[in-house]
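Student: build me a model from this:
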Amino acid sequence: QHIRRLNMIRRAIPALQKGQYSTDNCSGSFAFKRRYTNASEGVDSFALVCINGGATFTNIPNGTYKDCVTGNVINVTGGTLSADCSGNGNARIYVLNGPGKIGENGTYLY
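Tutor: As a prediction, this is how the structure comes out:
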């Protein structure tokens, strides 16, 4: 179920499929961001990922970020987002103008 849910999230977010990976301006034990843009397809997908702990992302675009794991919404106005992620194997995946929660809670993603 865990792998199934990860696959559902990945399929729903273009940045997680094809986005450029970066750890610039990301603090935390395991934190990164990915962005995929394609003007001809009208796609601009930006995701912030935090696994097994907290993370702070700075110098990011302002806007509404929705977590694909919990559905939590954070409105960024100062270019900084802080995410808290407790539990082994847990994650937070905040997507700019994202869809919100994808899938059901499980043993690791909750």
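
Student: show me the contacts for residue 36.
Tutor: Applying C-beta atoms under 8 Å, 6 or more residues apart in numbering, we find residue 36 in contact with 14-15, 17-20, 43-45. No exception for glycine: its C-beta is placed from N, CA and C like everyone else's.

Student: pull the longest helix from this structure.
Tutor: When the chain is parsed with DSSP state H, its longest helix is helix 2-12.

Student: distance from the chain centre to that one, please.
Tutor: When C-alpha coordinates are averaged (C-alpha atoms, centre = their mean, to the nearest Å), helix 2-12 and its chain have centres 13 Å apart.

Student: touching that helix from outside, list them.
Tutor: 16-17, 68-69, 89, 93, 99, 102-104, 106-109.

Student: among those residues, name the ones in strands.
Tutor: Among the contacts of helix 2-12, the ones falling in strands (DSSP state E) are residue 93.

Student: whichever of the contacts of helix 2-12 end up buried, select them in PyMOL.
Tutor: To isolate the buried ones among these in PyMOL, judged by 16 or more other C-beta atoms under 10 Å, type:
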select buried, resi 16+68+69+93+102+103+108+109
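
Student: okay, the contacts of residue 36 in a markdown table with distance to residue 55 and pLDDT next?
Tutor: Output for the contacts of residue 36, formatted as a markdown table (distance: C-beta to C-beta, whole Å; pLDDT from 0 to 100):
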| residue | distance to residue 55 | pLDDT |
| --- | --- | --- |
| 14 | 21 | 97 |
| 15 | 16 | 98 |
| 17 | 21 | 96 |
| 18 | 22 | 95 |
| 19 | 17 | 96 |
| 20 | 18 | 96 |
| 43 | 25 | 93 |
| 44 | 22 | 95 |
| 45 | 19 | 97 |
